[in-house]
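Asker: structure for this input, please:
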Amino acid sequence: MIIYNTDSARVEYYLPPGNWAAIQAPFAGGHSCTASIDCASEFCVDGYCCNTLCTGNCNRCNVAGSLGTCTDANSDCTGNCDICSSGNCAANNALCSNTTTSCTCTGSGTVFNCITCTDDPYGVCGHPICSSYTCGQAYDNGVACATCKTCTSGSCSSFVAAGVTGLNCTATHYRCDGAGNCTAPTTNTCTTCGGTQYTCTVRCVTLCGYAGCSNMAYANCAIRAGGCEYANAESCICWQWTY
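Answerer: This is a model prediction of the structure:
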């Protein structure tokens, strides 16, 4: 059926199931349309003459600024880690924060979301870590463990090596003893420092068996398992560990 539409002042033909299309020169891309025959491209998509049939699940021909050009629309993908790629929503791991709470994408269709790495597999002192968008494991030494113990495979069952500081064993010259204890050093006070005001070497070596301070306050003389500190002009303190 062909009619003259007095409202639009054009000759139209009936296009089932209820549309009327103009009998005229086809429109260029970006022009509004009601049927493919309206368009030079023969693609009337999303109400506009389009350059392609534009059949993806997140591309459209009515994107503002690109009318008539089939354009990916990220807004049609509703997850928090997906983008529109070549007309279809796809997982993009880079949109996840790559931390312990947001590691990698999972989903399908138009919805992809970041998944969370949980603490459950890592024991009392471990935690998850995201590496290359894969949930892995990491262990905190000393954070959740008792003094002089370390986290191994999620359990605070391992003692740190003898001579290690930290891990709640931080007092001056205190060291872990290799059995889970923080031990104090034994000390001896040297007097009459070898006749030289700033040299404790002679007396400290004699008493403790280790190299002593020489011409400086608090010299680090950690040779073997002990040392010597300058205290004042006439004395110094030798210290050694008991394990």
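Asker: per-residue confidence at the residue lying closest to Phe27 once chain neighbours are set aside?
Answerer: Nearest non-adjacent residue to Phe27, counting by Cβ to Cβ, 6 or more residues apart in numbering: Cys49, 4.9 Å away. Heads up, the C-betas are built off the backbone N, CA and C, glycines and all. Note on Cys49: pLDDT of 96.
Asker: got a list of what Cys49 touches?
Answerer: Residues in contact with Cys49 (Cβ atoms under 8 Å, 6 or more residues apart in numbering) are 26-33, 38-41, 43, 68.
Asker: Gly180 too?
Answerer: 146-149, 159.
Asker: with respect to Thr170, which of those is nearest?
Answerer: Thr147 (9.7 Å; Cβ to Cβ).
Asker: touching, the closest one and Thr165? I think so.
Answerer: No. Thr147 is beyond contact range of Thr165, at 11.4 Å (criterion: Cβ atoms under 8 Å).
Asker: got any residues that touch both of the two?
Answerer: Common neighbours of Thr147 and Thr165 (Cβ under 8 Å, 6+ apart) are Cys176.
Asker: quick one: low-confidence ranges for the chain?
Answerer: Residue ranges of the chain with pLDDT under 70: 1-15, 20-23, 100, 141-144, 186-243.
Asker: how's it carved up into domains?
Answerer: Following the assignment in automatic domain parsing, the chain carries domains at 2-70, 75-115, 186-240.
Asker: helices along the chain, start to end?
Answerer: Using DSSP state H, the helices of the chain run over 201-208.
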